[in-house]
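**Student:** Everything below, folded, please.
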Amino acid sequence: MKAIWNGQLLAESDETINIEGNQYFPADSIQSAYFKNSETHTTCHWKGVASYYTIEVNGEKNKDAAWYYPNTKDGAKQIEGYVAFWKGVEVKE
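**Tutor:** Numbering: from 1, shown residues only. Got it, this is the predicted structure:
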């Protein structure tokens, strides 16, 4: 699987995990230079508290376009630290 935004490959892995229609990429598969920590956090009742990244490519920012769960609840341990995308980031094979 690949995650692409603004013509740039953000992540690539054959070890993604599909949960609720989202592909979660292992943390070591992302191109970290394009990811900036965000102050945004949300809570999922079964996964826990999510943290977000703003993606920046060629001077353009996509606020909170990626998220991850640094410390999941027990039922979601398989995606702890994995990164998922939305907000126009194309995820494809």
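**Student:** Could I get the full set of helices for this structure?
**Tutor:** With helices called from DSSP state H, the chain shows none.
**Student:** where exactly do the strands run in it?
**Tutor:** Using DSSP state E, the strands of the chain run over 2-5, 8-12, 17-19, 22-24, 35-44, 48-57, 60-68, 83-85, 90-92.
**Student:** packing partners for the second one?
**Tutor:** Using 3 or more C-beta pairs under 8 Å, 6 or more residues apart in numbering; DSSP states H and E as the contact criterion, the elements in contact with strand 8-12 are strand 2-5, strand 48-57, strand 83-85. Using the backbone N, CA and C atoms, a C-beta is placed for each residue, glycine as well.
**Student:** Swap in 6 Å and give it another go.
**Tutor:** Contacts defined by 3 or more C-beta pairs under 6 Å, 6 or more residues apart in numbering; DSSP states H and E place strand 8-12 against strand 2-5.
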